[in-house]
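# The following comprises the amino acid sequence and a computationally predicted model.
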2 protein chains.
Amino acid sequence: MPLPPSSAKPTLAAIARGTGVSTATVSKVVNGRADVADETRAKVLAALEEAGYRSPSQRRTPTGPDVVEVAFDAIDSAYPSALLNGILDHAATTGVEVVVSTTGRQRTTELGLGRKAQRIINEGRAGVIVVTSAYGESGLAAFLRRHIPVVVIDSYNPPPADVVSVGAANWAGGKAATEHLLDLGHRRIAYLGGPESIECNQARLHGHLSALTSRGIEADPGLVRHGRFRAEYGIEGLTALLSRPHPPTAIFAGNDAIAVGVLREARRRGIRVPEDLSLVGFDGTALASDSVPALTSVAQPLQEMGRAALRAVLRQARGEQPDTHRVELATRLVVRESTAVLG
Amino acid sequence: MPLPPSSAKPTLAAIARGTGVSTATVSKVVNGRADVADETRAKVLAALEEAGYRSPSQRRTPTGPDVVEVAFDAIDSAYPSALLNGILDHAATTGVEVVVSTTGRQRTTELGLGRKAQRIINEGRAGVIVVTSAYGESGLAAFLRRHIPVVVIDSYNPPPADVVSVGAANWAGGKAATEHLLDLGHRRIAYLGGPESIECNQARLHGHLSALTSRGIEADPGLVRHGRFRAEYGIEGLTALLSRPHPPTAIFAGNDAIAVGVLREARRRGIRVPEDLSLVGFDGTALASDSVPALTSVAQPLQEMGRAALRAVLRQARGEQPDTHRVELATRLVVRESTAVLG
DNA sequence: CTGAAAGCGCTTACAG
DNA sequence: CTGAAAGCGCTTACAG
């Protein structure tokens, strides 16, 4: 009597028993040989998938190091670099290996992503860390179905319930940025954000708005603009704001790249920062400290976020329950040279 | 009659025959069991090493993707990030997997590095890319002994003859930087470099000196300073240069980070760039384009260097001979806002 | 501490 | 296209 496949151990013989074929046939399917009927192949593949079978070379070495895959959109700024740095730092101390892959900013097709997810599963990763948007709901679900722990850093969308997410306190950071500007006497404060739909951007904006309303200042919708997290949108944003009847005296930028764009456009126009315009960024990467004038910015503990993400993945890989669905690390307002008392 | 170990196929049985013990004993050694005499273990380990034995889980999956290891000192600036970006880009198009590891800037002990090298060998990598200094001569030699192809990017020291190195045209880039400043009328041009002993730094310096002497200008040794590739050394360097009787009118910085330090210190002192001081950086990363004023800089094709390194490693992994011992990619002077005609 | 022997998981040449 | 059977590479319980 064939056992239900789910209770069988993942050996060729067990799969063979479960599907009513010989081990030889299962072996052929596993090795992609041609001489198997399509129907048989399909049945066996389904059973292999169901049982979570790994061929010997796919099996994780019992003694070998755990391998964690980190999927980025791209590594094209200080932000992903700092995250990776934190991940690699913790990896070195725990003896874990890190495979890094990028999906490319131009959204890959669903099919392409599915294939990448399948590869990650086949390679027997101990876990997966997904940064921002790489892999949608369906990709994440594929990992979970195979019981591969997933942690998402700064997810663009709210992740499913059984995925741990790591991020910074974006709302509190946004509030702190705007409170700093309010404390300096500014009242017309603009927000130049990233993509409107993205979670972290919304949280920063709402922190900003909350700071305004809690001081009894009505937010002017004309002072809120969205774009992308790149310098171009700072240039474009400042240009648009200056064409208004009452331009702002201060700008809170959704990240440092946007702030740097603002800085550059301000300089081009002879607007002095901070004398004529105060400016706060977000992220606190080298971009903020190296720019001239150095940017006041809300620092995210990016390295620590990377470390926390790896820690959370490894904890789950060891079979421990995650303590929390969301790891949120504190941000810190670092005041530098780009903000001053309203003159 | 036992065969000489080198001609035996790398199976347990062959190792056993070669060393005159049973397959059971060899198996125990491979799996690190305790019940083997030290002497026997040593003999068997030597034979395993000699034969290049890999246990089933260490064997590269015949169908599985190649895995290339990339060893950085650290991923703490735009420079390693851009290299990695190029490597990952080419990896995505060739289906190769990339394991990233960092050795940490504080030189790890020889022993620690040796262990890391051994791990990389055991994991059956198709090849290794070493960035700047990670792994010394002995580490590289260990890879070569096991016939694992190695490519070095921007090696701190000249690599051994059978290691392909990838880098930019540092000498030509340094020459172009200084010629640009000479063309603008500058005659007292300082060089603020990175560590004096490092190859790429020396090449940039000598390009600079060559530009001077080919215009009949005697180089002033007091205008050459070394430090590290960080902003602090730009601050320190400018401070030292200004204390001289005849400060320079232009500075060629060994990389963009140093140039940014110069920029910051100049601003603090009320020295205008480029009106009072012209400044050229090296690397051409976002640091140069995002700084205010934007930096004139010698751009290295970092992404292309990453791609070229992976291409060279994979070519060797396929058993092809490398075309060249050194892949040198052209640099390009990008003129921005930090250089002007001597006033 | 060593190895003969049993056995496991998988593959393959080949008969049907 | 399928599977019985031989066999390979490795591991392990156990006798010595």
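Nice, thanks for sending it over.

# All the strands of chain A, residue numbers only.
Taking DSSP state E as the criterion, chain A contains strands spanning A:67-72, A:97-102, A:127-131, A:150-153, A:164-168, A:189-193, A:224-226, A:250-253, A:278-283, A:296-299, A:326-329, A:332-334.

# Now mean neighbour count too, for these, in CSV please.
All C-beta spots, glycine's among them, are computed from the backbone N, C-alpha and C. Shown next, in CSV, are those (neighbours: other CB atoms under 10 Å in any protein chain shown):
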stretch, mean neighbour count
strand A:67-72, 26
strand A:97-102, 21
strand A:127-131, 27
strand A:150-153, 27
strand A:164-168, 24
strand A:189-193, 26
strand A:224-226, 18
strand A:250-253, 31
strand A:278-283, 29
strand A:296-299, 27
strand A:326-329, 16
strand A:332-334, 17
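
# could those be laid out in CSV, adding distance to residue B:316 and mean pLDDT?
Converted to CSV, the strands of chain A look like this (distance: least, CB to CB, whole Å; pLDDT from 0 to 100):
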stretch, distance to residue B:316, mean pLDDT
strand A:67-72, 24, 94
strand A:97-102, 21, 93
strand A:127-131, 30, 94
strand A:150-153, 35, 94
strand A:164-168, 38, 95
strand A:189-193, 47, 98
strand A:224-226, 48, 98
strand A:250-253, 46, 98
strand A:278-283, 39, 98
strand A:296-299, 43, 98
strand A:326-329, 42, 95
strand A:332-334, 46, 98
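
# Which one, of the ones you listed, ends up nearest to DNA strand C?
The closest of the strands of chain A to DNA strand C is strand A:67-72. By CB to the nearest atom of the strand, the value is 19.7 Å.

# Relative to DNA strand D, which of the strands of chain A is closest?
Closest approach to DNA strand D among the strands of chain A (CB to the nearest atom of the strand): strand A:67-72, 19.8 Å.

# Output the closest one as PDB, nothing but the C-alphas.
C-alpha atoms of strand A:67-72 as PDB (Å, rounded to 0.1, in the frame of the first residue of the first chain):
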ATOM      1  CA  VAL A  67      24.200  29.600   2.700                       C
ATOM      2  CA  VAL A  68      21.900  32.600   2.700                       C
ATOM      3  CA  GLU A  69      20.900  34.300  -0.500                       C
ATOM      4  CA  VAL A  70      20.500  38.100  -0.500                       C
ATOM      5  CA  ALA A  71      18.400  39.500  -3.400                       C
ATOM      6  CA  PHE A  72      18.800  43.100  -4.200                       C
END
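
# can you list the domain ranges for chain A.
A:5-51, A:67-167+A:303-328, A:170-300 (automatic domain parsing).

# Can you tell me which of those domains has the worst average pLDDT?
Sorting these by mean pLDDT places domain A:5-51 lowest, at a mean of 80.

# That domain close to chain B?
Yes: using CB under 8 Å from any CB of the partner chain, domain A:5-51 reaches chain B at residue A:32.

# That domain near DNA strand C at all?
Yes: using CB under 7 Å from any atom of the strand, domain A:5-51 reaches DNA strand C at A:9, A:11-13, A:23-24, A:27-28, A:30-31.

# In CSV: those residues, plus distance to DNA strand D and neighbour count.
Converted to CSV, these look like this (distance: CB to the nearest atom of the strand, whole Å; neighbours: other CB atoms under 10 Å in any protein chain shown):
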residue, distance to DNA strand D, neighbour count
A:9, 15, 10
A:11, 12, 13
A:12, 10, 19
A:13, 11, 12
A:23, 6, 14
A:24, 3, 9
A:27, 8, 15
A:28, 7, 18
A:30, 13, 18
A:31, 12, 11
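
# just curious, which of the residues you listed is nearest to residue A:272?
Taking CB to CB as the measure, residue A:272 sits nearest to residue A:30 out of the residues of domain A:5-51 next to DNA strand C, at 68.8 Å.

# Count the neighbours of the nearest residue to that closest one once chain neighbours are set aside for me.
Sequence neighbours aside, residue A:55 is the residue nearest to residue A:30 in space, at 5.5 Å (criterion: CB to CB, 6 or more residues apart in numbering or on different chains). Using other CB atoms under 10 Å in any protein chain shown, residue A:55 has 16 other residues around it.

# wait, isn't residue A:55 in contact with residue A:32?
No: between residue A:55 and residue A:32 there is no contact under CB atoms under 8 Å: 10.6 Å.

# okay, the domains of chain A, which one's buried deepest?
Sort these by mean neighbour count, taking mean count of other CB atoms under 10 Å in any protein chain shown, and domain A:170-300 sits at the top with a mean of 21.

# Can you give me the first-to-last residue distance of that one?
Distance across domain A:170-300, first residue to last, is 9 Å (CA to CA, to the nearest Å).

# do the same with stretch A:115-130
With CA to CA as the measure, stretch A:115-130 spans 16 Å from end to end.

# now check that stretch, is it near DNA strand C?
No: against DNA strand C, stretch A:115-130 shows no contacts by CB under 7 Å from any atom of the strand, the least distance being 13.0 Å.
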